[in-house]
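Novice: What shape does this take:
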Amino acid sequence: MSFNWPKTVVHVVAVSSTILMSASTIAAPSSYDARELFAPLSLPTSVSAYRNGAGKPGELYWQNKVDYNLQARIDTDTQQLHGNEVITYTNNSPDQLDQLWLQLDQNIYKKDSRASIASEWHRSKYTDGYEIASVEVLYRGKTYPADILIDDTRMRVSLPQPLAAKGGKLQLKISYSYQIPGTWGGRTAVTPTQNSKIFEMAQFYPRMAVYDDQHGWHNNPYVGSEFYLEYGTIDYTVTVPDNYYVVGSGELINPKAVLSKTEQQRLAKAKESDKTVYIRTAADAQAAVAKGSRGTQDWHFRMEHTRDVAFAASPDFIIDAARINLPDGKSSLAMSAYPPESMGSNKWDRSTEYVKGSIEHFSQWYPYPWPAAVNLGGHGAGMEYPGIVFDGMNDKDDLLFWITAHELGHTWFPMIVGSDERRHAFMDEGFNTFIDVYASDAFNQGEFAPKRDSEYAPKGGNPVDEILPLLADAEAPSLMAPAEAVAEKYRHSVSYFKGALGLILLREQILGPDRFDPAFKAYIKTWAYKHPTPSDFFRFMESAAGEDLSWWWRGWYLNNWQLDMAITGVNDVDNKRIKGTEIHFASEQKLVMPATLRLQFKDGTSEDMRLPIEVWMNKNAPSIVLPLTKPLQSITLDPAHKLPDANRANNTFTVK
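Specialist: Alright, predicted model coming up:
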């Protein structure tokens, strides 16, 4: 058979062969169209002076700043929180603001809330949400009663005069209270223990909504998914009965006032120890519960460069801790808080070990930034906050490690890299699950490897096989679908699993670790405590790693396209231009990928080579010519089973 060759022959360097792409034409298979996959891609967010073409903050990038001073008192008998806050809001935008928006997340528990009616998780218990006693505006030396509108989980504050652009600053003073939900509250709850109860306090204060260059005010109602918040310093004091112990985000400012001398000594020892040290033992917890309360005590915390804080309080806590070793000789503190019934083999006795190991591993991407990391064993919401995570007191074994690592992994996404997780869940859940996979491989020589849980390959098999039903599901949303519009059926499989696998494929099969890892680390460092969009990430990785990845963003992220590459034939070529063995390929689906090609020879030897993505750019059914010197027995695409290929039966061609 003869072929018409193009005037220019393209050479692609492989492991040990020079590939020559031929211009042979085979009838195009079903749905693959090279012109569609490799067409120029317009990303959702355009380049501007705020966000440049390299995926970095532009010369005019800005974001607003929010500092909080919080006073929270818990009435443990009535299970109410009473709070006062002063919000210092700095408007760095180029716009004057005549109104401010705040989030009132506790209003989600009202019976008539939009979330209560629309959510897939229906509840039978409710609260009255926030009771706002007063709101005042302090601006330019004057105090004004605020003109407010509360609508569902949002509060609008109409300002008496516009807040100046480019550095204008004001304060809001808010006095409020609310009924703390029971365990049905989920992410914020009162959880019974065998001897007492745990107050798990999150979303416990009105929080400023984000105003940015993408959407202006992000003031959609909270319906129970995730958050998007501004950065600043949060100083907060928690008043509880004096037999309670409090763990929370940030640094404990007054340890001498709230800890016994013995606890202070143990804490000092833990800060220098790679082994877990008990700060408060089961006997200490039992004594505190038995003693009861004779008054109240103030626990004072402070956290910088943060978007949020949370805390937990109980008289029934066991507290243990150990040193976290960070890059450049720095350190932090791994700490766990849990009730006595959570102790036992491979249960919460090992939690601090898991915290320490996970954060030390994650810090290779970007160093952990805060003085402590707390793992709380309570209701089991499986929820992350800066410096503290809420996990289940009954978790144990591999599940406790995986949930601990995952929730702490959120430190990097979205606590450090502050993406809009309400719109783009894959940028926090998917990115986090991605780093979790490698943390499982690394911890204690792979004790809990490979990661196989509800977040990643939940059936325990090969992830590239387990993802196939999702890719074939015509109803499945894309990774770019708004997080709150993704049904619970698809939440884990899309945002977590597909989001993580997309990065693993990008790292291991498309770019390679030598290009991916420095680019990903640089992305984290560049966008630390800032607000990147998906388009910023896409542009950053292309620029930093040196690859046009528009085809990958289009197929895996913007669409839910499948992969099914095939070898369709082999023949000899001998003409004036070239002599060798021609291998023909086709794709039965819309997406293709670079792949390993294994050549098995009749003499029993074999050779692996890489089939680059460029093979697929010009033809719907391409072929390559290899200058082989010995006869082939078979050819196999992806012999190590690393790609999510829908039909592996057509990946091998046997030469007759």
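
Novice: Could you give the number of residues near residue 290?
Specialist: Counted with other Cβ atoms under 10 Å, the neighbours of residue 290 add up to 10. All C-beta spots, glycine's among them, are computed from the backbone N, C-alpha and C.

Novice: repeat for residue 596
Specialist: Per other Cβ under 10 Å, the neighbour tally for residue 596 reads 18.

Novice: now swap in residue 273 and tell me
Specialist: Other residues lying near residue 273 total 13 when counted by other Cβ under 10 Å.

Novice: how about the spatially closest residue to residue 272 that is not a sequence neighbour, secondary structure?
Specialist: Closest residue in space to residue 272, ignoring its immediate chain neighbours: residue 323 at 6.1 Å, by Cβ to Cβ, 6 or more residues apart in numbering. With DSSP: H, G, I helix; E, B strand; the rest coil as the basis, residue 323 sits in strand.

Novice: measure residue 323 to residue 352 for me?
Specialist: Residue 323 sits 10 Å away from residue 352, going by Cβ to Cβ, to the nearest Å.

Novice: if I pick residue 447, what's in contact with it?
Specialist: By Cβ atoms under 8 Å, 6 or more residues apart in numbering, residue 447 lies in contact with residue 401.

Novice: backbone phi and psi for it, please?
Specialist: For residue 447, the backbone dihedrals (degrees, to the nearest 10) come out as phi -60, psi -40.

Novice: Now do it against residue 476, distance only.
Specialist: Counting by Cβ to Cβ, the gap from residue 447 to residue 476 is 33 Å.

Novice: Please apply the same query to residue 583.
Specialist: Distance, residue 583 to residue 476, using Cβ to Cβ: 33 Å.

Novice: rewinding a little: where do the contact lists of residue 323 and residue 352 overlap?
Specialist: residue 334.

Novice: which of these two has more neighbours?
Specialist: Neighbours per residue (other Cβ under 10 Å) separate residue 323 from residue 352, with residue 352 holding more: 27 against 19.

Novice: ok, that one touching residue 320?
Specialist: Yes: counting by Cβ atoms under 8 Å, residue 352 touches residue 320, with 5.2 Å between them.

Novice: Which residues are in contact with each of those two?
Specialist: With Cβ under 8 Å, 6+ apart as the test, residue 352 and residue 320 both reach 276, 335, 336.

Novice: got a winner among these for most neighbours?
Specialist: The most crowded member of the shared contacts of residue 352 and residue 320, judged by other Cβ under 10 Å, is residue 336 (30 neighbours).

Novice: Shouldn't that residue be within a helix?
Specialist: No: counting by three-state DSSP, residue 336 falls outside a helix, being strand.

Novice: State the distance from the nearest residue to it once chain neighbours are set aside to residue 301.
Specialist: Once flanking residues are discounted, residue 336 sits nearest to residue 351: 3.9 Å by Cβ to Cβ, 6+ apart. Distance, residue 351 to residue 301, using Cβ to Cβ: 21 Å.

Novice: Please apply the same query to residue 38.
Specialist: Residue 38 is 52 Å from residue 301, by Cβ to Cβ.

Novice: Could you do residue 534 as well?
Specialist: Going from residue 534 to residue 301 by Cβ to Cβ gives 34 Å.

Novice: related to what we said a few turns ago, wait, the residue nearest to residue 336 touches residue 403, no?
Specialist: No: using Cβ under 8 Å, residue 351 is not in contact with residue 403; the gap is 10.2 Å.

Novice: Which one's more surrounded, those two?
Specialist: Set residue 351 next to residue 403 and count neighbours by other Cβ under 10 Å: residue 351 wins out with 28 against 23.

Novice: what's the helix or strand for that one?
Specialist: Element membership of residue 351 [criterion: DSSP states H and E] is helix 351-362.

Novice: low-confidence ranges in the chain?
Specialist: Counting by pLDDT under 70, the chain has low-confidence residues at 1-30, 120-122.

Novice: Return the residues in contact with the most centrally placed residue in it.
Specialist: The centre of the chain sits closest to residue 428, judged by Cα atoms, centre = their mean, with a distance of 2.3 Å. Neighbour list for residue 428: 226, 410, 413, 414, 419, 421 [criterion: Cβ under 8 Å, 6+ apart].

Novice: Residue 521: which of these is nearest?
Specialist: Using Cβ to Cβ, residue 413 comes nearest to residue 521 of those, at 13.2 Å.

Novice: Checking the closest one next. Helix, strand or coil?
Specialist: Per three-state DSSP, residue 413 ends up helix.

Novice: That one against residue 426, yeah?
Specialist: No: taking Cβ under 8 Å as the definition, residue 413 is not a contact partner of residue 426, at 9.8 Å.

Novice: what's the distance between residue 270 and residue 212?
Specialist: Taken as Cβ to Cβ, the span from residue 270 to residue 212 is 40 Å.

Novice: So these two - more neighbours on which side?
Specialist: residue 270 (22 against 19).

Novice: wouldn't the more buried one be in contact with residue 279 here?
Specialist: Yes: the criterion here is Cβ under 8 Å, and residue 270 meets it with residue 279 at 6.4 Å.

Novice: what's the spacing between residue 611 and residue 357?
Specialist: To residue 357, residue 611 is 38 Å away according to Cβ to Cβ.

Novice: hang on, I meant residue 341
Specialist: From residue 341 to residue 357 the distance is 24 Å (Cβ to Cβ).

Novice: Those two: which is more packed in?
Specialist: The neighbour comparison of residue 341 against residue 357 (other Cβ under 10 Å) goes to residue 357, with 23 against 17.

Novice: check contacts around the more buried one.
Specialist: Neighbouring residues of residue 357 by Cβ under 8 Å, 6+ apart: 439, 442, 443, 444.

Novice: What is the neighbour count of the second one?
Specialist: As a burial measure, residue 442 scores 18 neighbours (other Cβ under 10 Å).

Novice: secondary structure element for it?
Specialist: helix 429-442.

Novice: Pull the number of nearby residues for the residue nearest to residue 306 when sequence neighbours are not counted.
Specialist: Excluding the flanking residues, the one nearest residue 306 by Cβ to Cβ, 6+ apart is residue 386, at 4.6 Å. Each residue near residue 386 was counted by other Cβ under 10 Å, and the total is 25.

Novice: Count residues in the vicinity of the nearest residue to residue 139 once chain neighbours are set aside, would you?
Specialist: Residue nearest to residue 139 in three dimensions, not counting chain neighbours: residue 170, with 4.2 Å by Cβ to Cβ, 6+ apart. For residue 170, the neighbour count with other Cβ under 10 Å is 21.
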